[in-house]
Structure formats: C-alpha cells, structure tokens
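> below is the sequence, then the predicted model.
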Amino acid sequence: MRFEVKLRNEIIGFTELEAGDAPMGIAGGRFVPTPAYAQIQSDCIKHRDSWITIPELTIGLVGYTLPIECSGPITIIDYSSELGEIEISIHGIPYPLYAELFPQHVESYKRAFDPKP
C-alpha cells in the first residue's frame, strides 16, 4: 500500500511503510519527499537524533481524507545529505487497525515465533 504524508493539508511525501513492529504498533519505511518537504527538511535534519514531534504531520492512505489514527509521534529521520536516505515512522497505531493496514507485519511477527523450521 502507498501512503501520503501531509503537513496540514499539503502532501510533503510518500511512503509504503514497508517495515514494522506489530506488538508496538509501529510502522516505518523509506520516505520519498515532494518539493513541499523543503519547508520542514532543515528541522528534520537538525532534530533527527532527538525525535521531535512535528505538529500537524499526518500519514494516510493515498486517496483517503482521514489520517491513520496513532497515539505516538510521526518521525522523519533525514540522512539525505550523508546517505541519500530519509526514513519515516508512525508510532502507536492501535489494534485492530494495525492488523488491517499491515497484515504482512503481523504475519512476519508470528512467523518469528513459529517453532516449525
């Protein structure tokens, strides 16, 4: 699935949230910025080691108006100048919503504890 990242109502980038920690309700992945990301990029670089919360930052499915419900922060970690990478994560996605959006993360977690080889 593809998700859009918005600051207020402006799309600043996209992500597939391809990684996750199902028990913690965390999803994350590569962040692909749009030109609008430039308005907060310097803050994301400056605070990448301190996990500041950016007010009015949301993540939602492309084409839907409602953002993903979460109780924790959305963080952008920008190493674009050093590594050419920007990561994003969203924390505190409640169940059963997490399982609906990220069944692959839930299955991966279950397989990690499956006693079968």
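Cool, the structure landed. Numbers count the residues shown, from 1 in each chain.
> all strands of the protein, in order?
3-7, 10-15, 19-21, 26-33, 57-61, 74-79, 85-90 (DSSP state E).
> so what does the longest one touch, helix or strand wise?
Using 3 or more Cβ pairs under 8 Å, 6 or more residues apart in numbering; DSSP states H and E as the contact criterion, the elements in contact with strand 26-33 are strand 10-15, strand 19-21, strand 85-90. In this view, the C-beta of every residue, glycine as well, is placed from N, C-alpha and C.
> thinking again about what came up before, could you dump the strands of the chain into a markdown table with distance to Ser42 and mean pLDDT added?
Shown next, in a markdown table, are the strands of the chain (distance: least, Cβ to Cβ, whole Å; pLDDT from 0 to 100):
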| stretch | distance to Ser42 | mean pLDDT |
| --- | --- | --- |
| strand 3-7 | 14 | 97 |
| strand 10-15 | 13 | 98 |
| strand 19-21 | 26 | 96 |
| strand 26-33 | 13 | 98 |
| strand 57-61 | 15 | 96 |
| strand 74-79 | 9 | 94 |
| strand 85-90 | 13 | 96 |
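> which of these sits closest to Gln104?
With Cβ to Cβ as the criterion, Gln104 lies closest to strand 19-21 of the strands of the chain, at 8.1 Å.
> list the buried ones in the closest one?
Residues of strand 19-21 classed as buried by neighbour count (16 or more other Cβ atoms under 10 Å): Ala19, Gly20.
> direction included, what does it pair up with?
The sheet places strand 19-21 alongside strand 26-33 (antiparallel), with pairing taken from DSSP bridges.
> give me the neighbour count for the spatially closest residue to Ile88 that is not a sequence neighbour.
Spatially, and ignoring its direct neighbours in sequence, Ile88 is nearest to Phe31 (4.0 Å; Cβ to Cβ, 6 or more residues apart in numbering). If you count neighbours by other Cβ atoms under 10 Å, Phe31 ends up with 25.
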